[in-house]
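# sequence and predicted model, in that order:
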Amino acid sequence: MRDAGWRFPRRALRQAVLACLLLLSLCPASAMAAKQVFILNSYHPDYKWSADIMHGLEATLHQHDPEVLIHVEHMDTKRNLDPEYLASLPKFMELKYAFLRPDLVITVDESAFFFILKHGARIFPDTPVVFCGVNTNPLPPLPRNMTGVREYADLNTNVKLMRRLQPQMRKLMVIADKTATGDAAVAELRKVVPPDLPMQVLEDTPLPELMEQVKVIGPETGLLFLLYFQDRDGRVHGATEAISAISQASPVPVYGVWNFLMGHGLFGGYLTNGYEQGRIAGNMAGRILGGARPVDLPVTYDDAIQLEVDMRQMERFGITPDRLPPETKFLHPKRGTEHEILILHSYHTGFKWTDDIEAGIRESLGADAANVEMHVEYMDTKRHPEPEFTYLNYILMREKYRSAKFSAVLTSDDNAFNFARQYRQTLFNNAPIIFCGVNYLTDQQSLSAQGITGVLESYDIVSTVQAASRLLPRAKKLFVINDATPTGHGNHNRFEEVRHLLPTSLEIELLENISMTRLLERLPTLPPDSFILLMSFNQDRDGNTFSYEESCEKIVSASPVPVFSFWDFYLGAGSVGGMVTSGRHQGLAAGNLLRNVLRGQKAGNLPIITISPNAFIFDAKAMKSHGMDFGLLPSDATLINDDSDAYRHTRALWTITALILIIALLLCILVVFYRYQQRKRRALERSVRLDPLTGASTRSAFESEMPQTIRTAIEKNERFMFCYVDVDKLKQVNDTYGHLHGDTYLKEIVSIIRACVRASDEIYRIGGDEFVLIFPGCGPDEVQRVWNKVLILIDTTNNSGRIPYIMGVTHGCTVFNPQEPQDLATLLKKADQSMYTRKNIHAS
């Protein structure tokens, strides 16, 4: 059968076309007309000169058109001048941007300028081009679609300034490299240096050799630093590395022509400004995007040259302000305080955790605060977690602290710490970093080499869950609520580390990275024999953000079962509480580290504090709402929101009654056994002298009893083990936490040892942190089993979080053989050598 075909009705076709046109007319104008700009940067993103230009370009372009789309490509020609790499760029760009048709191309500095001049017509045909940062003089012939801003380095005026400040100057030494910009700058300099001033150019000389040559110059030589990134051996140096080293070696001021080197050893000069280059080029670009033709916009110069001088270098070389022209801009004036520090908070002011950290820092600084100028910044990442907002923080601080030289940067919580590490060089000139409020580190061992120390959040999940289980003896299930923020990831990792220590009777379910809507739907269905551990929930899966108080109040309102937590900022928002960590304690510990850094210690030499004080704190109002028994609280618990004193009065009354009964009973016992106790005490004092702190026998008992112990072993032909024990890092604990903690440390160690040995074994304390143990009738194998038990109990105590330091002992043992008897001095020496051998092996 023949196919008759099918025609689209003309009327329907006209209606479809009209509908499409109508839809297009309804589209937002910005979506249809968004301009696209391609920026080709000669260098790398972290190079401050081009970064300043980029900043000026972006700010100005967005002033002209807030919706403009900017694409950036970095050629990296400061660090990579390999001919093969440079030859590969045209094909790479052609392939990568085959489908990009920008409305405008902007080039930054020489390499990008010449690249687009040569290849731009093929990669971006018929596209207007604006260049900036170009030193080449004269410019090559420009196509009609290209205009821009020439970089102007006022070399002539800089040479005159050098002669003015160094009247003895008879020679000019110039430091430069062989990059395109370096060659252009040297060529321009040769044109303006007067004939009576001989010029020596040290081009791409290795840095060590440069420093040696600079060291020996005198006041008759002026030193001008242009650019130095790569030497003739191919070694690449950071933007400020060379100027810092050369300035330190130089006996005369080092002058320059670019302001991005200020603050790193440059004395100063008439300096050109990258931001201003970007601003002028951005205005030209904005006009072209608005309809102007490049051929109608003449090439211009950046004339924003400013005489800038570093007052620290002025003081170093004895140059007074009256010798400088009136237009001089003085940087880094001497301040009334000795140190300048930055406190960088992840969150916002008014947030209790953050405010408590800052209060702790200021309290810890004490009298040292008089010598500190303190800057405080709030990144507000709890309410604005977007990466774009973090970048805006970077832009703000880059401009705000351009001339600051911090003695230390102190960060609170993960976001600020990660930010400070990422931008440490560009923003903070590699200042020491002290962190606090960080709850998980994956590279802790490497931080000291980077000049970083701080305080980890030592919140106690296990004690909080155990306390909840005591208060809710019928509980069978634990629901853990957590988010996917950096804090949430740290919480998750910490929870998994201690999961095996939680009560085995509890079934655990994680409610992580869930939307708030779904969470609030789920909570009312939780079984009555369960409870919740709220770790962190500031951002749900849908990207909605909540304050700590808001999220806690929502969860508590929807939940029929109690909500426990280990953060103090959840208290008062409905949480029952738990073993709570405090922002103030974090701040106190971080402030103490900061004080040590300000007094001259290196941050990398200060150990990271992994345990900070926590305390049991519970909300009485929340407990009452769930009918909890206050008698099941830990004995050292603190109550808040207790609106009735009945419980405290009753508890006090029972305590007083019990004390009266105990005192009466004791009096009766004392009366009946008074004489017996006196005789027994005298006998004990004569025969046994105990260490009052630890309960171990004293050194005098050791010296008087050991000869008899040796004689008895020989008579009975019975061996014994003689062990020398050293308590690890007792002095460090005394110095850091005080002697009360040191005493507790000793008592804990003796208590653990006593729990593992037999009643017939003897423990002697022969020094401050030294003990001797005697094991009658034992050999090495039996004693090793005892020490294995001791080490397990010490690890268990360390992991419990009861004490703010890590306990440990080192022992060394020798066997007493009655067939080959040895005196006490020999036994002590052998056991002591064994102990130190073990300690050295452990240290290595």
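Yep, that arrived. Numbers count the residues shown, from 1 in each chain.

# show me where the stretch 501-650 of the chain has its strands.
507-512, 530-536, 563-564, 577-581, 614-619, 638-640 (DSSP state E, counting those that start in this stretch).

# could you dump those strands to JSON lines with distance to L478, mean pLDDT and mean neighbour count?
From N, CA and C alone the C-beta is placed, and that goes for glycine too. As requested, these are exported to JSON lines (distance: least, C-beta to C-beta, whole Å; pLDDT from 0 to 100; neighbours: other C-beta atoms under 10 Å):
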{"stretch": "strand 507-512", "distance to L478": "5", "mean pLDDT": "95", "mean neighbour count": "15"}
{"stretch": "strand 530-536", "distance to L478": "6", "mean pLDDT": "95", "mean neighbour count": "24"}
{"stretch": "strand 563-564", "distance to L478": "9", "mean pLDDT": "97", "mean neighbour count": "26"}
{"stretch": "strand 577-581", "distance to L478": "12", "mean pLDDT": "92", "mean neighbour count": "27"}
{"stretch": "strand 614-619", "distance to L478": "18", "mean pLDDT": "92", "mean neighbour count": "20"}
{"stretch": "strand 638-640", "distance to L478": "23", "mean pLDDT": "90", "mean neighbour count": "15"}
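
# and of those strands, who's closest to P194?
Evaluated over those, closeness to P194 peaks at strand 530-536, with 68.1 Å, by C-beta to C-beta.

# list of residues touching that closest one?
Contacts with strand 530-536, where a contact means C-beta atoms under 8 Å, 6 or more residues apart in numbering, come from 461, 464-465, 468, 472, 475-483, 485, 487-488, 491, 495, 526, 551-552, 555, 559, 561-566, 570, 575.

# list buried residues within these.
Taking 16 or more other C-beta atoms under 10 Å as the criterion, what is buried in the contacts of strand 530-536 is 461, 464-465, 468, 472, 475, 477-483, 485, 487-488, 491, 495, 526, 551-552, 555, 559, 561-566, 570, 575.

# restricted to helices, list these.
Among the buried ones among the contacts of strand 530-536, the subset assigned to helices under DSSP state H consists of I461, T464, V465, A468, T487, G488, N491, F495, S551, C552, I555.

# what residue ranges in the stretch 651-800 of the chain score low on pLDDT?
Low-confidence regions of the stretch 651-800 of the chain, defined by pLDDT under 70, span residues 651, 681-688.

# all strands for it, in order.
Assigned by DSSP E, counting those that start in this stretch, the stretch 651-800 of the chain shows strands spanning 720-727, 762-765, 770-776.

# and these: which comes nearest G182?
Go through the strands of the stretch 651-800 of the chain one by one with C-beta to C-beta and the one that ends up closest to G182 is strand 720-727, at 61.3 Å.

# returning to that earlier point: distance to F417 and pLDDT for the ones in helices among the buried ones among the contacts of strand 530-536 - can I get that in CSV?
Shown next, in CSV, are these (distance: C-beta to C-beta, whole Å; pLDDT from 0 to 100):
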residue, distance to F417, pLDDT
I461, 21, 93
T464, 24, 95
V465, 27, 96
A468, 30, 96
T487, 11, 82
G488, 16, 88
N491, 16, 89
F495, 21, 94
S551, 23, 92
C552, 24, 94
I555, 27, 96
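
# those residues: which two are farthest apart?
A468 and T487 (21.3 Å).

# residue ranges in this protein under the pLDDT threshold?
1-33, 239, 334-337, 644-651, 681-688, 844.

# that older thread, make TSV out of the strands of the stretch 501-650 of the chain and add distance to A87.
As requested, the strands of the stretch 501-650 of the chain are arranged in TSV below (distance: least, C-beta to C-beta, whole Å):
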stretch	distance to A87
strand 507-512	51
strand 530-536	52
strand 563-564	64
strand 577-581	58
strand 614-619	62
strand 638-640	71
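
# of all the ones you listed, which lies closest to T107?
Taking C-beta to C-beta as the measure, these were each checked against T107, and strand 530-536 came out nearest at 46.4 Å.

# for the residue nearest the centre of the chain, what are its contacts?
Geometric centre of the chain, nearest residue: F417, 3.1 Å, by C-alpha atoms, centre = their mean. Contact analysis of F417 by C-beta under 8 Å, 6+ apart lists S346, T411, I433, F435, V438, G454.
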